[in-house]
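Student: Got a predicted structure here, sequence first:
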Amino acid sequence: MLEIRPVIETDYDAILDLWNRTGLHHEPHRRDSLSAFQQQLRHYGDCTLIAEANGKVIGSLIGTHDGRKGLINRLAVDPDFQKQGIARRLIEAAEHSFRSKGIEIITALVAVSNLPSQMTFTKSGYVARTDVIYFRKELKS
Ligand SMILES: CC(C)(COP(=O)(O)OP(=O)(O)OC[C@H]1O[C@@H](n2cnc3c(N)ncnc32)[C@H](O)[C@@H]1OP(=O)(O)O)[C@@H](O)C(=O)NCCC(=O)NCCS
C-alpha cells in the first residue's frame, strides 16, 4: 500500500538511505545535514514529501518556495519502484501543497544528462526553458 505524506524528522536516515540507493546527488555534511533537514521541515514541512510502501521510504521530494515560485528538489524513487508513476504522484502532491499557498509557478533544476528526470517533469507538464542561464554563487564562510 503506497502512501504519500509529509516528511517528519525521524524519516531522515531512511531518506539518506533512499538517496544512496538511487545515486541521487546530495550533500549529507552540508545542505542535507540533519540540522539543514530540521530547518527545512520548520519552514517547508508541508511541501516536503515521502512515498512510503509497507513502512519503507521509497520516494522523496523536497519542496521549497520564495513566496512566489516553488522549487522541487531531491526527487528520488527507489530503483525497485521506478516507472510506476510514483514520482508523478509526488510532484502532484507537492503542486497541491504549493497551490494551497497561492503559488502557481513551480520550477526544478535538472541536469542535462538526467534524461529520466527530464522525462518525468515533461510528462508532468513542465516545459524546459532553454533561453535562460542558471547563475550560481557560493558564499564562503
Ligand atoms: C527521475 C525519477 C525520480 C523518476 O521516478 P519514477 O517514479 O520512475 O517516475 P514515474 O514513474 O512517475 O514516471 C513519470 C513519467 O516519466 C517517464 N519516465 C520516468 N523514467 C523514465 C526513463 N528512465 N525513461 C523514459 N521515461 C521515463 C515515465 O514513463 C512516466 O511517463 P508516463 O506517465 O507517460 O508513463 C527516478 O528515475 C529516480 O529516482 N532517478 C534517480 C534520482 C534522480 O536523478 N532524481 C532527479 C533529480 S533532478
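Tutor: Arrived safely. These numbers were taken from a predicted model, which means no experiment stands behind them.
Student: residues in contact with residue 135?
Tutor: Not one residue lies near residue 135 by CB atoms under 8 Å, 6 or more residues apart in numbering. C-beta coordinates here come from the backbone N, C-alpha and C atoms, glycine included.
Student: sorry, that was for residue 56
Tutor: Contacts for residue 56 (CB under 8 Å, 6+ apart) come out as 14, 78.
Student: hey, what's it bridged with?
Tutor: Beta-bridge pairing of residue 56 under DSSP bridges involves residue 53.
Student: Read off the pLDDT value for it.
Tutor: pLDDT for residue 56: 97.
Student: again, but for residue 140
Tutor: pLDDT recorded at residue 140 is 84.
Student: Over to residue 11?
Tutor: On the pLDDT scale, residue 11 gets 97.
Student: in the sheet, who's paired with the residue with the shortest distance to the centre of the chain?
Tutor: The C-alpha lying nearest the average C-alpha coordinate of the chain belongs to residue 61 (CA atoms, centre = their mean; 2.5 Å). Per DSSP bridges, the residues bridged to residue 61 are residue 49.
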